[in-house]
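>>> sequence and predicted structure below; questions after.
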Amino acid sequence: MVEEKKKSADPGVVELLEMKEKDETFPTTAWDRYDIMQPQCRFGELGICCTICLQGPCRINPTGKEPSRGVCGATAYTIVSRNLIRKIAAGCAAHSDHGRHIAHTLKALLEGKTDAYSIKGEEKVKTVAKRIGIEVEGKDTNTLAKEVLDMALEDYSRHDEETPLIWTKTIVTPERFEILDRCDVVPYNIDATIAEVMHRTHIGVDADPVPLIFNGIKCAIADLAGEHISTDISDILFGVPELTVTESNLGVLKENSVNVAMHGHNPVLSEVIADVAEELQEEVTAAGAEGINLVGICCTGNELLMRRGIPLATNFASQELALLTGVLDAMIVDYQCIYPSLGWWAQCFHTRLISTSNLCRQTGDTHIEFNPKTAKEDAKKILRLAIEAFKNRGTREVNIPDYKETCVVGFSMEQVEEILRTQSDDPMQYMVDQIKEGKVAGIAAIVGCNNIKTCHDEAHLKVARELIRNNVLIIATGCAAGAYVRAGLANSNATKEIAGEGLKEFLTTLGKGMNLDEPLPPIWHMGSCVDNSRIHDFVTAIANKMGVDIKDLPVVASAPEAMSEKAVVIGTWLVATGWPTHVGILPFIHGSDLVVQVAENTARDVYGGYFVFETDADKAAKRLVNIIKQRRWKLGIGTDEEIVYANGQTAHELFEETEEKKATVANGGK
Ligand code: SF4
Ligand code: MSK
């Protein structure tokens, strides 16, 4: 008998899925549809199907037999590279458009066109202004914010090709900027870079995989800028996240409340919803409910969790199941990672699916277009729909899984510095010392999505646990962070139960420094997808303090359950800024050995970062621990413990062999 594949590591999700199996009237879940989809197209998986022009679809025979070229003559490496960098461009477009929308909201505020917002991050205005070279002295907050805004918008619209993006030049180490500049991958305009990828990949333009991939890398650097702009301006508008203790998982839904889930990525509307919810208490009471219970899903959820302690109900893969509880009265969606199935799921329940961006309409939705000028009225209108839906719940069975975990969140860069400052006037030096002493062996950024191809959340948990045991501090964002807060890995118990001795000591000392009775968690939740900029800033600050580059630091990145095009672009800039980056789902590039070689090896020579493709989470975790040990050793801070690879070769031997090869190449092969 074939053993059924485990669907989720979250017991609440498993409980709901089992319940769903018993009732055929429920709509299909992503897991059902994945099964129905089998077998998935092998050409697509390998990235060797091309639909760029209408002469296609063309697909290349991966065995080397005909067809070896598309109708136009494109080979596998051209097709794979073009498909890949179009994904990068799509990811960059999503992040940077999000940044633009936040910037436009700040613009509306500064022009007096909305009363729904204020500048909550006054200090952040100054720090961003200083970083990008604006004179701060003698200027009031609004004047400075306007100057920051103008420079941010200029990064989307500059025409001088010689001037690099401000949000690239001012956020990377000097050495990294030089590497990027040397490789000609420093963008001058975010939108123009996306356009360049789309142009270059049009039929009959670039067929050479090397410039194609370099163009993809340039677009990924533009993406990092777009993400950073999103984070900076969100912090300016909504405040910089601070340590907050709250709870997460489906058990945060409340039977007797009006439950409203906010799902997507952009906090511009959800922040206003949170602001006005209490104003409707009378209407809520009249409807027979105890209150409005706001919860989050995916990255809008992460934004609300970080800034307001609003609980995260669930993450990407399990979004449909929030409706299955029978108590979700409204699901408010902005954009990105919204399953198109939610429209018909909502029709099967009493839940109102409310779309708020004309970019992201759903069949079966109620659309209330969000407008900064009418944000408060829009927010109330939406909440009143939820109250109406509560009244119409009827007699449907309530199934709220009894699972929720305490989580400590809010690890913005500013908060991290404040925590470290409890130990030293030079916070980053303290962090560097902890790394040098080996209490913190290294840092792992675990990011990205869920992917239905693998057991929901399981790879996130496996990779993190192994790293934590090995004294690696985890910084997390997106649905990876969503997995940790729901599974109880983002609290002090996780430190006490699984952290290695050095890491435990470090986190306990910091907990005491913050006047807490408990250690800090071993996983520092840094926010949403765009907040990978915080991850970049933290590690860049360490690199700058050490006087090295990220490529020299004992750091690794991992997207154990990567799914979206945004994950592809994030992985690409991580590699291009020096991170060894594990991906637990095979991207669609294995139809070209050349492209795989570039991702796994050539990238390492050029950028110091490289991809590690490994679908087995246990193996991946061990490899990541080894990479950290190896980098420590190369930096001269390693212990005497030797790293031995599966082939019996030691790290010292491998290093010497690599150096020898480099010398031979430099000698012209002699
Ligand atoms: Fe086929 Fe070339 Fe058109 Fe792609 S661009 S669909 S390979 S003819
Ligand atoms: S929501 S992009 S599934 S992290 Fe940011 Fe989660 Fe990935 Fe969407």
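Now that the structure is in, tell me what you want to look at. Worth saying up front: this structure is predicted, and the values here are computed from it rather than measured. Ligands and ions are numbered 1, 2, ... in the order given.
>>> ok, now which ones touch the closest residue to ligand 1 within the stretch 451-600 of the chain?
Going by Cβ to the nearest ligand atom, ligand 1 is nearest to G591 of the stretch 451-600 of the chain, at 12.5 Å. Using the backbone N, CA and C atoms, a C-beta is placed for each residue, glycine as well. Residues in contact with G591 (Cβ atoms under 8 Å, 6 or more residues apart in numbering) are 43, 46-48, 60, 62, 76, 79-80.
>>> may I ask which of these comes out lowest in pLDDT?
For the contacts of G591, the model is least confident at P62; its pLDDT is 94.
>>> so what strands line up beside the particular helix or strand that has I354 in it?
When secondary structure is defined by DSSP states H and E, I354 falls within strand 352-355. Using DSSP bridges, the neighbouring strands of strand 352-355 in the sheet come out as strand 328-333 (parallel), strand 366-367 (parallel).
>>> how's the chain carved up into domains?
11-59, 76-238, 250-391, 405-638, 640-670 (automatic domain parsing).
>>> and the end-to-end length of the first one?
What it means is domain 11-59. 41 Å (Cα to Cα, to the nearest Å).
>>> same question for the longest one.
Distances were taken as Cα to Cα; on that basis the terminal residues of domain 405-638 are 36 Å apart.
>>> now that domain: average pLDDT?
According to the model, domain 405-638 has a mean pLDDT of 97.
>>> report the separation between the residue lying closest to K7 once chain neighbours are set aside and A559.
In space, and not counting its chain neighbours, K7 is closest to W31: 5.3 Å by Cβ to Cβ, 6 or more residues apart in numbering. According to Cβ to Cβ, to the nearest Å, W31 stands 21 Å off from A559.
>>> so for these two, which residue has more residues nearby?
Neighbour comparison, W31 and A559: the larger count goes to A559, with 30 against 19 (by other Cβ atoms under 10 Å).
>>> need the nearest residue in space to the more buried one, chain neighbours excluded.
Closest residue in space to A559, ignoring its immediate chain neighbours: G448 at 3.4 Å, by Cβ to Cβ, 6+ apart.
>>> in contact with that neighbour, which residues?
478-480, 559-564, 567, 570-571.
>>> now do the strands in the stretch 451-600 of the chain.
Shown for the stretch 451-600 of the chain, the strands assigned by DSSP state E, counting those that start in this stretch span residues 472-477, 523-527, 555-559, 580-583.
>>> if you could redo that for the stretch 301-450 of the chain, that was the one I meant.
In the stretch 301-450 of the chain, strands defined by DSSP E, counting those that start in this stretch lie at 312-314, 328-333, 352-355, 366-367, 405-409, 442-446, listed in chain order.
>>> how about the stretch 1-150 of the chain?
Per DSSP E, counting those that start in this stretch, the stretch 1-150 of the chain has strands spanning 49-50, 58-59. These are given in chain order.
>>> is the first one in proximity to ligand 1?
Yes: where contact is defined by Cβ under 6 Å from any ligand atom, part of strand 49-50 touches ligand 1, namely C50.
>>> number the residues from 718 up from this point.
Yep, numbering from 718; the last one is strand 766-767 now.
>>> E828 is in contact with K863, correct?
No: under the criterion of Cβ atoms under 8 Å, K863 makes no contact with E828, lying 9.3 Å away.
>>> compute the number of surrounding residues for Q998.
Around Q998 there are 13 other residues, counting by other Cβ under 10 Å.
>>> let me see the contact set for L1137.
1144-1145, 1147-1148, 1227.
>>> most surrounded residue in those?
Among these, the one with the most neighbours (other Cβ under 10 Å) is M1148, at 25 neighbours.
>>> contact partners for it?
The neighbours of M1148, taking Cβ under 8 Å, 6+ apart as the test, are 1137, 1157, 1259, 1262.
>>> now for those residues, which pair is the farthest apart?
Longest distance between any two of these is 13.7 Å, between V1157 and K1262; criterion Cβ to Cβ.
>>> which one's more surrounded, these two?
Neighbour tally, V1157 and K1262, criterion other Cβ under 10 Å: the higher count belongs to V1157, 22 against 17.
>>> is that one in contact with N1188, as I believe?
Yes: taking Cβ under 8 Å as the definition, V1157 is a contact partner of N1188 at 6.3 Å.
>>> now for these two: what residues contact both?
Looking at what touches both V1157 and N1188 (by Cβ under 8 Å, 6+ apart), the common residues are 1219-1220.
>>> phi and psi next, for G1008.
When read as degrees, to the nearest 10, the backbone of G1008 gives phi 180, psi -180.
>>> now do the same contact list for it.
The neighbourhood of G1008, defined by Cβ under 8 Å, 6+ apart, consists of 974-975, 998, 1001.
>>> ok, it to L1022 distance?
19 Å.
>>> do F894 as well
In this structure, F894 lies at 33 Å from L1022, with Cβ to Cβ as the measure.
>>> can the top helix by length along the chain be found next to ligand 2?
Looking only at the chain and at elements set by DSSP state H, the helix with the highest residue count is helix 793-827. No: in terms of Cβ under 6 Å from any ligand atom, no part of helix 793-827 sits within range of ligand 2; the closest distance is 8.2 Å.
>>> name the helices or strands packed onto that helix?
The contact analysis (3 or more Cβ pairs under 8 Å, 6 or more residues apart in numbering; DSSP states H and E) places helix 793-827 against strand 766-767, helix 858-871, helix 907-917, helix 926-955, helix 984-993, helix 1282-1293, helix 1310-1314.
>>> and the angle from it to helix 858-871?
160 degrees (axes from the mean of the first three to the mean of the last three Cα atoms, to 10 degrees).
>>> tell me the buried residues in helix 793-827?
Across helix 793-827, burial judged by 16 or more other Cβ atoms under 10 Å covers 793-820, 822-827.
>>> ok, back up a step: next, format the contacts of M1148 as a markdown table and append distance to V1323.
Converted to a markdown table, those look like this (distance: Cβ to Cβ, whole Å):
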| residue | distance to V1323 |
| --- | --- |
| L1137 | 33 |
| V1157 | 28 |
| I1259 | 22 |
| K1262 | 25 |
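>>> out of those, which are close to ligand 2?
Checked against ligand 2 using Cβ under 6 Å from any ligand atom, the contacts of M1148 yield no neighbours at all.
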